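> Got a predicted structure here, sequence first:
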Amino acid sequence: MPQFLTLLPPDEARALLLSHLSNGTADSALLDSLLALGRVTAEDILAPHPLPEFPRSSMDGYAVRARDTFGASDSLPAYLTLIGEIPMGAPANLTLAPAQCASIHTGGMLPIHADAVVMLENTQTISGRGGSSDRSTEIEILRAVAVGENVIAVGEDVRAGQIVIPRGTLLREAEIGGLMALGITSLRVVRKPRVGLISSGDEVIEPNQPASAGQVRDVNAYTLSALVTRAGGEPVRYGIVRDDFSALQAIAQKALTECDAIIITAGSSASTRDMTADVIRSLGAPGVLVHGINTRPGKPTILGAADGKAAIGLPGNPVSALVNGYLFVVPVIEKLLGLNPRPRPTVNARLTVNLSSQAGREDWWPVKLTANRQPPTANHQPPTVNRQPPTANYEAEPIFGKSNLIFTLASADGLLKIPADATGLSVGEMVEVMLV
């Protein structure tokens, strides 16, 4: 039986694969901003005007000249004459003279010569203080304000011409809101990379077919389709190919021509019947880059490239395929999208049991996260720099199951990594869990 080549650590294998790929899809499309959630910007977005476009109040209160409030306090208030109210959604057609103020609401435009806002709770209203013939209203200022206090200045959020959303940004809810605030109702986004998915094996059937003895329904094409979609790609399923080299090669070549990357599931281990590696070698240079990853699950994973396109062979076991999809397929899609680097969502948790591991191999365990049931314990030791906190918000409970049992992963909230230089993790140890 042929043997695996030298096993590479996952990080090294991933870097090698990405180094042989093109820098991303060059195509882009103009899209309505309201439909752009989850898409990636194809160009820098520049602000057409400052935001805000006029000085605005950030509080309900009174627009004032800050100098008129200097020294004001509860025991020695300042008195300003109220000359009117600033209407919302309209220009502030008032001009403050010395010792005058105007009523203003949050978001209202400051009147001319106003440079600060006194919060409503720091004032009192006094009518006719000058005598019975004086019907003017005065505002008692109980706290001094500085220039710019409780005011959002012109361009404080965004300057005109500023890059507000760089190219390669994944558009979230906040970015969509920012586009609307600037009146940008359409923008160019990167075309979704097409990822061809090929399932192989005489025993594999479509999910809508009844399974006879010895047959299994295709899981991988659909879990990987979902993974590709969530990562920002467009999955293209090419169906199930029997254990025939010519048939698999023909489908793989067709998929590689029509897509930006391909994934072949099953046929990746080093047995005489497994032909995925040979198929990938036949697709174009450089061919197979890595055959075997120093990890569990997913040791038989194949990483290859053909003329700048990724060709990946994943194990047939559903858990192995999906875990290594997180590790290798998602980064490929992110590179094709030109996505700017961003951290993976993780949480810190306390391990509930001991976990053993083989030294020199990176292990990934599916875990269930639950609220930490352990009450905080008193710690009478003197404080030390960078000491670990005594409690965590979550407990990580490993889910034990074999790599062909998809519901072991369906029950998981995340994946826990045991580094290659460790022989395991101890109960109670603080661990980092990658959310999936």
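Looks like it came in fine.

> For the helix or strand of the chain with the lowest mean pLDDT, which outside residues touch it?
Here the helix or strand of the chain ranked lowest by mean pLDDT, DSSP states H and E is helix 406-410, holding a mean of 84. Surrounding helix 406-410, the residues in contact under the criterion CB atoms under 8 Å, 6 or more residues apart in numbering are 219, 223, 318-319, 322-323, 366, 399-402, 436. For the C-beta atoms, the positions are set from N, CA and C on the backbone; glycine is no exception.

> let's go with 7 Å and repeat that
Here helix 406-410 makes contact (CB atoms under 7 Å, 6 or more residues apart in numbering) with 219, 318-319, 322, 366, 399, 401.

> for stretch 427-436, what is the average pLDDT?
On average, the pLDDT along stretch 427-436 is 92.

> do the same with stretch 191-211
Computed over stretch 191-211, the average pLDDT equals 93.

> So what's the residue count around residue 168?
Using other CB atoms under 10 Å as the criterion, residue 168 is surrounded by 19 other residues.

> Widest-spaced pair of the contacts of helix 406-410?
Spanning the widest gap among the contacts of helix 406-410 are 219 and 399, at 17.2 Å by CB to CB.

> of the two, who's got more company?
The residue with more neighbours, out of residue 219 and residue 399, is residue 219; 20 against 17, by other CB under 10 Å.

> Against residue 393, how distant is the closest residue to that one other than its chain neighbours?
Closest residue in space to residue 219, ignoring its immediate chain neighbours: residue 318 at 4.5 Å, by CB to CB, 6 or more residues apart in numbering. Counting by CB to CB, to the nearest Å, the separation of residue 318 from residue 393 is 30 Å.

> same deal with residue 14?
Distance from residue 14 to residue 393, by CB to CB: 30 Å.

> just for the protein, where's the confidence low?
1-5, 128-135, 267-273, 373-391, 403-404 (pLDDT under 70).

> which residues touch residue 334?
Listed by CB under 7 Å, 6+ apart, the contact set of residue 334 reads residue 231.

> On the three-state scheme, it is what?
helix (DSSP: H, G, I helix; E, B strand; the rest coil).

> Show me what the lengthiest strand in the chain pairs with in its sheet, parallel or antiparallel.
Across the chain, the strand with the greatest residue count (assigned by DSSP state E) is strand 362-371. Looking at strand 362-371 with DSSP bridges, its paired strands and their directions are strand 295-296 (parallel), strand 394-398 (antiparallel), strand 414-418 (antiparallel).

> List of residues touching that strand?
Under the criterion CB under 7 Å, 6+ apart, external residues in contact with strand 362-371 comprise 9-10, 294-297, 323, 347, 349, 355, 357, 394-399, 408-409, 411-420, 433.

> run the last query once more with 6 Å
Outside of strand 362-371, the residues that reach it under the criterion CB atoms under 6 Å, 6 or more residues apart in numbering are 10, 295-296, 323, 357, 394-399, 408-409, 412-418, 420, 433.

> what does stretch 198-207 give?
By CB under 6 Å, 6+ apart, stretch 198-207 touches 214-218, 220-221, 238, 240-243, 248, 251, 264-267.

> For ChimeraX, what selects the buried ones among those residues?
For anyone working in ChimeraX, the buried entries among the contacts of stretch 198-207, judged by 16 or more other CB atoms under 10 Å, can be selected with:
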select :218,220,221,238,240,241,243,248,251,264,265,266,267
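
> Which ones among the contacts of stretch 198-207 lie within strands?
In strands, defined here by DSSP E, the members of these are 216-217, 238, 240-241, 264-265.

> tell me which of the residues you listed is nearest to residue 21?
Distances from those to residue 21 were compared by CB to CB; the smallest belongs to residue 264, at 16.9 Å.

> Contacts only, for the closest one.
For residue 264, the residues meeting the contact criterion (CB under 6 Å, 6+ apart) are 198, 276, 313.

> What residues are bridge-paired with it?
Residues in beta-bridge contact with residue 264 (DSSP bridges): residue 198, residue 313.

> Could you check how far residue 408 is from residue 422?
Residue 408 sits 22 Å away from residue 422 when distances are taken as CB to CB.

> With residue 127 instead?
Remark: distance between residue 127 and residue 422 (CB to CB) = 76 Å.

> same question, residue 409
22 Å.

> Between the two, tell me which one has more neighbours.
Neighbour comparison, residue 409 and residue 422: the larger count goes to residue 409, with 21 against 17 (by other CB under 10 Å).

> Compute the number of surrounding residues for residue 348.
14.

> Next one: it from residue 368, what distance?
Residue 348 sits 15 Å away from residue 368, going by CB to CB.

> Equivalent analysis for residue 302, please.
With distances taken as CB to CB, residue 302 is found 31 Å from residue 368.

> Who has more neighbours out of those two?
Between residue 302 and residue 368, counting by other CB under 10 Å, residue 302 is the more crowded of the two (28 against 17).

> for the residue nearest to residue 398 when sequence neighbours are not counted, which residues make a bridge with it?
Take residue 398 and drop its neighbours on the chain: the residue closest to it by CB to CB, 6+ apart is residue 365, 4.9 Å away. Counting by DSSP bridges, residue 365 forms beta bridges with residue 416.

> Pull the number of nearby residues for residue 365.
One way to gauge burial is a neighbour count; for residue 365, by other CB under 10 Å, it gives 24.

> Can you tell me how far it is from residue 354?
Distance of residue 365 to residue 354, given as CB to CB: 12 Å.

> With residue 266 instead?
Separation of residue 266 from residue 354 (CB to CB) stands at 33 Å.

> next one: residue 124
Look at residue 124 and residue 354: by CB to CB, they are 66 Å apart.

> Likewise for residue 56?
For residue 56, the distance to residue 354 (CB to CB) stands at 58 Å.

> Please apply the same query to residue 79.
Applying CB to CB, one obtains 73 Å for the distance of residue 79 from residue 354.

> cool, residue 147 as well?
Residue 147 sits 62 Å away from residue 354, taking CB to CB as the criterion.

> what do you get for residue 103?
Taking CB to CB as the criterion, residue 103 is separated from residue 354 by 67 Å.

> Show me which of those two is the more surrounded one.
Summary of the neighbour comparison: residue 103 and residue 354, criterion other CB under 10 Å, with residue 103 having more neighbours (19 against 12).
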